[in-house]
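*Asks:* this is a predicted model, with the sequence first.
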Amino acid sequence: MIRTVGILGAGQLARMLAQAGKPMGLKFIFLDPAKDACAAEFGEHICAGWDDEDALRDLGQRSDVVTFDFENVPESSASLIESLCPVFPSPRALFKSQDRLREKNMMQELGIPVAPFYPVSSRPDLIAAVEEIGLPCVLKTRRFGYDGKGQMVLRFQEDLERAWQELGDHELVCEGFISFDAECSIIAARGAGGQTVYWPLTRNLHRDGILAVSMAPAFDTQLQMYAETLVRRLLDHLDYTGVMALELFIKDGKLLANEFAPRVHNSGHWTIDGDCTSQFENHLLAICGLPLGNTHSESLSLMFNLLGEMPACVSQHIFDETTQSAIHWNDYHKTPRAGRKIGHVTVTDDNLAGLRARAAQLASALGVAAELNLETVMADLPESGDG
Ligand code: AMP
């Protein structure tokens with residue numbers, strides 16, 4: 001029987017895991033070098049570096065199972081813990097996700113469509129890759145890139161040298177620029193015995209490489225089935241346990257994979273308020289070897305990420321009663337800082353007209369209505385949830 005869950009990382013994802021685990025009777029121990037880690041108030045915080053072997057051993061010895069809330073935990077640290085207690089998802093899945101080249105090679109071997117890509121370790125490699133792929137293309141660091149960091153779009157020949165000056169110190173991958181029609185993600189959970197469940201395919205809007213909005217359910221059954229087939233290949237290949245997110249581009253009705261995350265994902269935060277079982281609950285159920293919860297969604301949801309600081313409208317009485325009752329704020333209790341993810345807000349409704357009206361009110365209160373152009377994007381959403 002699992003009572004104590006260890007988490008490498010104590011950011012907002014660990015915080016929401018712990019919030020979901022509380023009613024399940026779980027206790028949490030977090031390991032994170034940040035003194036002010038925002039999950040810490042929900043359990044014990046071991047404040048230590050990712051490579052502190054004594055601290056890692058301590059976590060492994062006192063936990064019944066260990067998971068992680070971000071993928072740049074060194075694989076060697078996860079493996080050290082694995083010698084003491086189960087680690088889910090496995091360090092192998094972590095290893096595959098930590099390097100874009102490794103990740104793309106694996107996807108290609110599994111028949112998952114990806115943009116054309118070439119490894120780049122030198123200037124001549126870059127020139128050859130751009131010749132093969134053509135412009136525009138995207139140059140990305142193989143490791144430690146997130147939220148659009150460590151990548152540059154090359155549009156003109158003269159961008160090559162600038163990009164090389166900026167990123168040339170790293171191992172790189174150059175990939176084709178996809179002029180996508182939309183971005184989406186499929187989030188799945190795989191539990192004991194291979195039981196697998198999928199949440200509705202979520203449509204995502206990014207601003208400056210950072211997720212701004214997610215909405216779901218957002219696509220028809222055919223695309224949903226296709227996305228499920230793709231993520232299933234990864235899950236089965238890795239004999240995976242836990243929640244995985246696969247980020248995809250949609251182009252002319254077809255899906256191309258961008259990257260996968262071996263963890264709960266920002267584009268699945270809407271599941272807390274908009275689905276029978278949240279991604280956080282199912283991740284815990286999966287790693288504890290328990291049957292997974294139903295991922296059926298009866299309503300439509302739209303989530304806004306909140307960056308910098310919590311908006312003033314949280315505490316102002318500006319929404320009518322029906323709108324207010326459909327808005328769910330989540331404050332991660334992080335110190336405000338420009339561009340930092342400090343919370344999110346989800347609005348739900350059982351029909352599209354209602355969701356549109358409420359999302360519009362909320363977007364205008366958040367001051368993002370003009371820049372996000374939600375009206376146009378929401379025109380494509382289905383009329384109701386997946387039931
Ligand atoms: P990533 O760090 O790979 O998740 O990329 C962050 C964002 O950059 C994606 O969500 C896309 O909006 C954009 N992006 C990344 N790769 C490509 C690509 N090959 N073509 C077009 N846009 C891309």
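*Replies:* Arrived safely.
*Asks:* and the helices in the stretch 1-150 of the chain?
*Replies:* For the stretch 1-150 of the chain, helices defined by DSSP state H, counting those that start in this stretch occupy the ranges 12-21, 53-62, 75-82, 91-97, 100-109, 123-133.
*Asks:* in CSV, list these along with distance to R232.
*Replies:* Bear in mind the C-beta positions are built from the backbone N, C-alpha and C, glycine included. Rendered in CSV, the data for the helices of the stretch 1-150 of the chain read as follows (distance: least, CB to CB, whole Å):
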stretch, distance to R232
helix 12-21, 23
helix 53-62, 30
helix 75-82, 24
helix 91-97, 14
helix 100-109, 13
helix 123-133, 29
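*Asks:* so which of these is the most packed in?
*Replies:* Highest mean neighbour count among these (mean count of other CB atoms under 10 Å): helix 12-21, with a mean of 25.
*Asks:* run through who's touching that helix.
*Replies:* The contact list for helix 12-21 (CB atoms under 8 Å, 6 or more residues apart in numbering) reads 5, 7, 26, 28, 30, 32, 37-39, 42-43, 67, 69-70, 263-264, 269, 272, 278, 280-281, 283-284, 330, 332-334, 341.
*Asks:* quick check: ChimeraX command selecting the buried ones in those residues.
*Replies:* Command for ChimeraX that selects the buried part of the contacts of helix 12-21, burial taken from 16 or more other CB atoms under 10 Å:
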select :5,7,26,28,30,32,37,38,39,42,43,67,69,70,263,264,269,272,278,280,281,283,284,330,332,334,341
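*Asks:* closest to A359 out of the helices of the stretch 1-150 of the chain?
*Replies:* Ranking the helices of the stretch 1-150 of the chain by distance to A359, with CB to CB as the measure, places helix 12-21 first at 21.8 Å.
*Asks:* for the closest one, give the mean pLDDT please.
*Replies:* Across helix 12-21, the average pLDDT comes to 98.
*Asks:* likewise for stretch 275-286?
*Replies:* Taken as a whole, stretch 275-286 has a mean pLDDT of 98.
*Asks:* what pairs with K341 across the strands?
*Replies:* L307 (DSSP bridges).
*Asks:* for the residue positioned nearest the centre of the chain, which non-adjacent residue is closest in space?
*Replies:* The residue lying closest to the centre of the chain (CA atoms, centre = their mean) is H265, at 2.6 Å. Nearest non-adjacent residue to H265, counting by CB to CB, 6 or more residues apart in numbering: A245, 3.4 Å away.
*Asks:* what about that neighbour, how many neighbours?
*Replies:* The tally of other residues near A245 (other CB atoms under 10 Å) stands at 23.
*Asks:* doesn't it belong to a helix?
*Replies:* No. If the criterion is DSSP: H, G, I helix; E, B strand; the rest coil, then A245 is strand and not within a helix.
*Asks:* now it: how far from L362?
*Replies:* According to CB to CB, to the nearest Å, A245 stands 24 Å off from L362.
*Asks:* before we move on, what about E371?
*Replies:* According to CB to CB, E371 stands 14 Å off from L362.
*Asks:* compare those two (neighbour count), which wins?
*Replies:* Neighbour count, other CB under 10 Å: between E371 and L362, L362 has more, with 24 against 11.
*Asks:* which element is whichever residue of the stretch 101-250 of the chain sits closest to the ligand on?
*Replies:* Here the residue of the stretch 101-250 of the chain nearest the ligand is I178; by CB to the nearest ligand atom that distance is 3.9 Å. Here I178, judged by DSSP states H and E, is contained in no helix and no strand.
*Asks:* right, and it touches I250 too?
*Replies:* No. Look at I178 against I250 with CB atoms under 8 Å: they stay out of range, at 9.4 Å.
*Asks:* residue ranges of each domain in the chain, please.
*Replies:* Here the domain assignment for the chain is 4-87, 116-176, 182-377, based on automatic domain parsing.
*Asks:* any chance of those domains in JSON lines, plus distance to the ligand?
*Replies:* Listed next are the domains of the chain as JSON lines, based on distance: least, CB to the nearest ligand atom, whole Å:
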{"stretch": "domain 4-87", "distance to the ligand": "12"}
{"stretch": "domain 116-176", "distance to the ligand": "4"}
{"stretch": "domain 182-377", "distance to the ligand": "4"}
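*Asks:* okay, those domains in TSV with distance to E383 next?
*Replies:* Shown next, in TSV, are the domains of the chain (distance: least, CB to CB, whole Å):
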stretch	distance to E383
domain 4-87	29
domain 116-176	33
domain 182-377	5
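*Asks:* can you say which of those domains is nearest to K104?
*Replies:* In terms of CB to CB, the element of these nearest to K104 is domain 116-176, at 5.3 Å.
*Asks:* now the closest one: average pLDDT?
*Replies:* Averaged over domain 116-176, pLDDT sits at 95.
*Asks:* go on, stretch 325-334?
*Replies:* Throughout stretch 325-334, pLDDT has a mean value of 96.
*Asks:* and the end-to-end length of it?
*Replies:* From its first residue to its last, stretch 325-334 covers 25 Å (CA to CA, to the nearest Å).
*Asks:* list of residues touching that stretch?
*Replies:* By CB under 8 Å, 6+ apart, the surrounding residues in contact with stretch 325-334 are 11-12, 15-16, 36, 38, 41, 269, 272-273, 310, 314, 319, 340-349, 354, 358, 362.
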